[in-house]
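Undergrad: test case, fold it:
(chains A, B, C and D)
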Number of protein chains: 2
Amino acid sequence: MAKEATTRYAVLGMLTLEPMTGYGLREAIARTIGHFWHESFGQLYPTLRALEAEGLVRTHPLGPRSREHRITDRGRDELRRWLGTPPSSSAAHRSELLLKVFFARHAEPGAVAGLVRAHRDTLVAARERYGGLEQEIAADQSPDRPHWLATVRHGIAMVDAGIAWSEETLRTLTDEDSR
Amino acid sequence: MAKEATTRYAVLGMLTLEPMTGYGLREAIARTIGHFWHESFGQLYPTLRALEAEGLVRTHPLGPRSREHRITDRGRDELRRWLGTPPSSSAAHRSELLLKVFFARHAEPGAVAGLVRAHRDTLVAARERYGGLEQEIAADQSPDRPHWLATVRHGIAMVDAGIAWSEETLRTLTDEDSR
DNA sequence: CGAGGCATGTAATCTGTTACATGATTCA
DNA sequence: TGAATCATGTAACAGATTACATGCCTCG
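TA: Predicted coordinates for the structure are as follows:
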C-alpha cells in the first residue's frame, strides 16, 4: 500500500476530535498541534478526497460550497494501526541555522551571531505561547489531556534548551568577534 | 535566481574544509555534520554539476572514474553571502512521534509508550556519540573549533532535554495504562 | 577470484509548497 | 458595498529519496 503519508494520519487524528470542513481542519491543526505540525491546503484537499475514496472518511454537505468530513470506523482502525508503528526515521533532521553556525568562520563578522540572536528571540516568543497553551490544556478535563500536555511540554523542553544554547553560543560567538 | 537550495551551501561549506570527490563529500557530511544534516547521492551529484556550471566549484580528475571538487573564489563569495541570510523558516517542524503521542488515546494500550521508550533509547545512544564527538572537537586546534563545538553542544542540549522529556512522558503514559 | 568499498550517475517517484482561480457569507 | 473570512480546489514546481545501473580497485 505504498508509503505512509503522514498527512493522512494527521487528518484522521484531527477528525477524532470532531467532524470538520477542510478549511476548519487546517485551522484546528494550527490551533492544537501547530507547535509540531502544519498542513497546506494543497496537501489537505487531495488527501481528504483520497481518504474518502478509501472509505476512511465520509463527507456530509453543510452548505452549497462546504462539507463536513467525518472519520469512519475503518478510518479509526487505520489510525490505530498507524499509531502503533514506529516513526519513519527518514524524517530529516536538518538545521539550516546549525549549518550556518558550523561554517560561521567564512561569514561576515557578526552575521551569524545576529542569526543566533534572532533565533533566540523566536524561541523566547514561542516559550511564552507554549506556557499559555500548557495552562489551557492543564485546565481542560478532556481524556486526551495527559497526551496533549506531553506534546506541549516537549515543545517547552526543546525551546528552553534552545534558549540556553543560544545564550551560551552568543557568548562564544561574540568573544570570537571581539578578539 | 529561484529558491535557496540548502544542499548547494552544505556542499560549498564542506568544500572549504578540503577538496573532495562526491562520494567523499557524502562521507564527510555524515562524519562532521551528520548530527544535524544529511545528503543523498541523488541530490549530491546533480548539485555538484550545477555548482560547476555556475563556476562556484571546479573539478580536477583524480583517476579514470573519480574527480576532486574544489571551491572557487566565487564559490566562497556565494557561501559568505548565504551565511548572512536568515534561515528560510519553511523548514517544517514536524514530529511524527509527537503526532502519535497526541493521538495516543486511540492507539492500542501501551503501543505509544513503546515508541517513546524506543525514542529515548535512540537519544541515549546519540548522547553517547555526541559526548565523544565533543571531546574530539574540544581537543582539536582548528580555527573552526568554537563553531563546531557550538553545533555539537546544540545536539547534546536537545538530546538531553529529549531524554528528560521521554522519562517524564513514559511515567505519565504508563500511569494512564495502569489505571 | 570474490567481496566490499570507492566512485559516478540517472530515472522514477513522492511529498510538499506556492500560486492561481473561484465564489459564498458575514459584518462593519 | 466592500473587506475579511470561510471554503474548495488545481497546476506548476521544488526538493529529496530510492532504486537502479555501471564499473574500478584493493585486499584477503
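Undergrad: assign a three-state SS to A:P61, would you?
TA: When classified by DSSP: H, G, I helix; E, B strand; the rest coil, A:P61 comes out as strand.
Undergrad: and for the nearest residue to it once chain neighbours are set aside, the neighbour number?
TA: Leaving aside its chain neighbours, A:P61 sits nearest to A:R67 (5.1 Å; criterion: C-beta to C-beta, 6 or more residues apart in numbering or on different chains). C-beta here means a position set from N, CA and C on the backbone, and glycine is covered the same way. A count of neighbours around A:R67, defined by other C-beta atoms under 10 Å in any protein chain shown, yields 16.
Undergrad: and what of A:R58?
TA: Applying the criterion other C-beta under 10 Å, we find 15 residues in the vicinity of A:R58.
Undergrad: so who does it touch?
TA: For A:R58, the contact set (C-beta atoms under 8 Å, 6 or more residues apart in numbering or on different chains) comprises A:E52, A:H69, A:R70, A:T72.
Undergrad: redo that, cut-off 10 Å
TA: Residues in contact with A:R58 (C-beta atoms under 10 Å, 6 or more residues apart in numbering or on different chains) are A:P19, A:L51, A:E52, A:E68, A:H69, A:R70, A:I71, A:T72, A:R74, A:G75.
Undergrad: reformat these as JSON lines; add distance to A:W82 and neighbour count.
TA: Converted to JSON lines, these look like this (distance: C-beta to C-beta, whole Å; neighbours: other C-beta atoms under 10 Å in any protein chain shown):
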{"residue": "A:P19", "distance to A:W82": "20", "neighbour count": "17"}
{"residue": "A:L51", "distance to A:W82": "13", "neighbour count": "23"}
{"residue": "A:E52", "distance to A:W82": "18", "neighbour count": "16"}
{"residue": "A:E68", "distance to A:W82": "23", "neighbour count": "17"}
{"residue": "A:H69", "distance to A:W82": "18", "neighbour count": "22"}
{"residue": "A:R70", "distance to A:W82": "19", "neighbour count": "14"}
{"residue": "A:I71", "distance to A:W82": "13", "neighbour count": "23"}
{"residue": "A:T72", "distance to A:W82": "15", "neighbour count": "17"}
{"residue": "A:R74", "distance to A:W82": "13", "neighbour count": "13"}
{"residue": "A:G75", "distance to A:W82": "11", "neighbour count": "24"}
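Undergrad: restrict these to contacts with chain B.
TA: Filtering those for proximity to chain B by C-beta under 10 Å from any C-beta of the partner chain leaves A:I71.
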